[in-house]
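Peer 1: Build me a structure from this.
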Amino acid sequence: MRLHELVKIKANIKKRLGRGIGSGKGKTAGRGSKGQKARGKIPATFTGGLALYKKLPLMRGKGNPKLSIEPKLLNLSKLNVFKAKAVVDIASLVDAEIISAKEAKRGVKVLSGGEIKNALTVKLPTSASAREKIEKKVER
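Peer 2: Modelled structure (predicted):
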């Protein structure tokens, strides 16, 4: 048996980098020239972009939660469950289960959607057109 007749045990030979120009992998050792990839270890998935949180606009503080809460909007037609000459306020709306207690904390505003059947005393903020409809019922 001669040396060239031996069975190959290892197919891939380790590249010997940086062993002179004659080796074919000298000087820059197959890394090209200059730049981040030529110098240090970086992940294979690295693309050179910014992190997501740096791309987003800078948001300072947490805002004012009092200003962001809007009142529950209520149409006039929902008030038809009350009897004539009843006083409508937030407490009576919660008792009649028209709004929840959580919504009552935000406040309520009455809009002019639908028609009102009975003359009521409304002690809530209303839109201008809702106020006109309520006053017309009270005058009759």
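Peer 1: Would you check how far apart the residue sitting nearest the centre point of the chain and residue 86 are?
Peer 2: By C-alpha atoms, centre = their mean, the chain has its centre lying nearest to residue 56, at 12.6 Å. Distance of residue 56 to residue 86, computed by C-beta to C-beta, to the nearest Å: 52 Å. Every residue, glycine included, has its C-beta placed from N, CA and C.
Peer 1: Same check on residue 31?
Peer 2: From residue 31 to residue 86 the distance is 85 Å (C-beta to C-beta).
Peer 1: now residue 24
Peer 2: Noted for residue 24: a distance of 97 Å to residue 86, by C-beta to C-beta.
Peer 1: Name the helix or strand of the protein that has the lowest mean pLDDT.
Peer 2: Least confident helix or strand, the chain: helix 65-68 with a mean of 76, by mean pLDDT, DSSP states H and E.
Peer 1: Would you mind putting the CA coordinates of that one into CSV?
Peer 2: The C-alpha trace of helix 65-68 is given here as CSV (Å, rounded to 0.1, in the frame of the first residue of the first chain):
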residue,chain,number,x,y,z
PRO,A,65,-55.5,60.6,30.5
LYS,A,66,-58.1,63.2,31.6
LEU,A,67,-58.0,64.8,28.2
SER,A,68,-58.2,61.6,26.2
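Peer 1: Neighbouring strands - and their directions - for whatever helix or strand comes next after that helix?
Peer 2: The first helix or strand that comes after helix 65-68 along the chain, using DSSP states H and E, is strand 72-75. In the sheet, strand 72-75 lines up against strand 108-111 (parallel) (DSSP bridges).
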